[in-house]
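Engineer: Okay, predicted coordinates and the sequence, questions at the end:
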Amino acid sequence: MHNYINSILTITPVMPVLTINTLDKIENLFDALIEGEIKAVEITLRTPCALKAIEKVSKKYPSLRIGAGTVLNVKDLKSVKDAGASFAVSPGCTKKLARKALEAKFPFLPGISNASEIMNLLDLGYKIFKFFPAEASGGIEYIKSLRGPFPDIMFCPTGGINEKNASDWLGQKNVLCVGGSWLVPEVISSYTEIKKRALIASSLKEKIKN
Ligand code: 3PG
């Protein structure tokens with residue numbers, strides 16, 4: 001299994017989860033994130049302009065890893081690949097979707113929230129997962145417990161993570177990076193505020209590896 005998703009998740013402690021409602025001023029948003037030293041983002045497929053946004057920013061910001069989130073099925077996977085995304089993220093997963101990503105050799109971060117889901121994807125060779133929704137599914141205690149049966153599995157927890165608890169999550173041995181929408185909430189946002197949030201996020205203490 002290719003290791004590309006690992007190389008994306010290790011370049012940034014925080015991956016902003018972006019829901020883009022308009023392409024207007026999208027450059028402002030991305031310039032601010034880049035100035036804030038963010039290296040990878042997830043753009044969710046939750047708005048009509050999401051694919052267009054992926055297409056636009058993938059071309060314009062080649063130094064940034066642009067991933068697509070809320071990828072729910074094989075059709076979504078093909079669309080985001082065609083739009084130029086460099087990886088895909090899903091909130092949960094089906095074997096069909098996981099197999100297709102492997103077949104297409106497309107970097108894929110499948111979502112899980114329990115041990116059975118991990119086991120199903122382990123069978124296919126996946127070893128890195130999005131833990132979603134992280135806080136609501138049991139939080140830090142839960143991810144700590146997963147280390148017992150799955151000592152080699154790594155996670156990108158997302159869902160309920162914010163500026164206050166991100167460091168605690170990043171301090172867990174089985175956490176590669178965290179994802180979250182707090183950097184760019186729907187209602188803001190000035191260039192300065194996004195850049196400020198991005199700088200705080202990107203400078204969160206580098207994870208101490210075992
Ligand atoms: C996601 O799709 O990963 C989540 O909606 C992000 O969760 P958050 O809004 O709680 O950060």
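Structural biologist: Received it, and whenever you're ready, just let me know what you need.

Engineer: show me what contacts C49?
Structural biologist: C49 makes contact with I20, N21, T22, L23, according to Cβ atoms under 8 Å, 6 or more residues apart in numbering. (C-beta placed from N, C-alpha, C; glycine too.)

Engineer: Quick check: pLDDT value at it.
Structural biologist: C49 carries a pLDDT value of 96.

Engineer: And it, how far from the ligand?
Structural biologist: 17 Å (Cβ to the nearest ligand atom, to the nearest Å).

Engineer: Phi first, then psi, for that residue.
Structural biologist: phi -100, psi 10 (degrees, to the nearest 10).

Engineer: ok, stretch 99-110 near the ligand or not?
Structural biologist: No: contact of stretch 99-110 with the ligand (Cβ under 6 Å from any ligand atom) is absent, the minimum separation being 10.3 Å.

Engineer: for that stretch, how far is the first residue from the last?
Structural biologist: 11 Å (Cα to Cα, to the nearest Å).

Engineer: Report the buried residues of that stretch.
Structural biologist: With burial defined by 16 or more other Cβ atoms under 10 Å, the residues of stretch 99-110 counted as buried are K100, A101, F106, P107, F108, L109, P110.

Engineer: Show me which residues of this structure are close to the ligand?
Structural biologist: So far as Cβ under 6 Å from any ligand atom goes, the chain lies against the ligand at V17, T44, G69, F132, T158, G159, G160, I161, G179, G180, S181, W182.
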